[in-house]
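**Student:** Turn this into a structure:
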Amino acid sequence: MKRQEGSWIYRGYKWHGFSYGIEPCRSGGAAWDAYRDTKGKFFLFDEGENYGYLCQTLSPFRPDLSQVRADSYLTAVTFAWTMVFTHEQPEIGPFFAEADPREIGSQARRPEAK
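**Tutor:** Presented below is the predicted three-dimensional model:
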């Protein structure tokens with residue numbers, strides 16, 4: 001989305017890159033199916049980046065943040081996948097996106113954007 005729109009945020013929310021089709025993703029039931037198949041540690045953070053946690057759950061458990069009604073992001077520590085729960089659910093979201101495998105290593109080494 002950054003390349004196309006010049007910003008990581010579109011229409012006020014990072015996840016609108018998915019809802020407006022700028023970034024490829026799965027949504028609804030397809031997002032849930034892909035998310036349930038993930039394994040390993042992940043980061044959890046909110047839209048405003050007010051908090052961030054490194055999490056590990058017992059497989060195959062993955063947290064369901066649908067009822068929180070907040071914009072929450074879960075992403076693999078390798079950045080291989082991202083699951084987004086939105087405040088608009090069930091009307092809009094959730095979204096699940098996978099990184100291009102060729103870019104995963106380079107994403108982890110990038111300096112933090114300001």
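
**Student:** any residues touching the lengthiest helix in the chain, and which ones?
**Tutor:** Identified as the longest helix of the chain according to DSSP state H is helix 28-36. Here helix 28-36 makes contact (CB atoms under 8 Å, 6 or more residues apart in numbering) with 25-26, 60, 62, 74, 81, 83, 93-96, 98. To be clear about C-beta, it is placed using only N, CA and C from the backbone, and glycine gets the same treatment.

**Student:** Name all residues that make contact with the closest residue to Gly52 other than its chain neighbours.
**Tutor:** Excluding its sequence neighbours, the residue lying closest to Gly52 (CB to CB, 6 or more residues apart in numbering) is Phe45, at 4.1 Å. By CB under 8 Å, 6+ apart, the contact set of Phe45 is 51-53, 72-73.

**Student:** Ser66 now?
**Tutor:** Counting by CB under 8 Å, 6+ apart, Ser66 makes contact with 85, 89-90, 94.

**Student:** What is the lowest-pLDDT residue among those?
**Tutor:** In terms of pLDDT, Pro90 ranks lowest among the contacts of Ser66, with 88.

**Student:** Spatially nearest residue to that residue (excluding sequence neighbours)?
**Tutor:** Ser66 (7.3 Å).

**Student:** Could you check how far that neighbour is from Tyr53?
**Tutor:** 18 Å (CB to CB, to the nearest Å).
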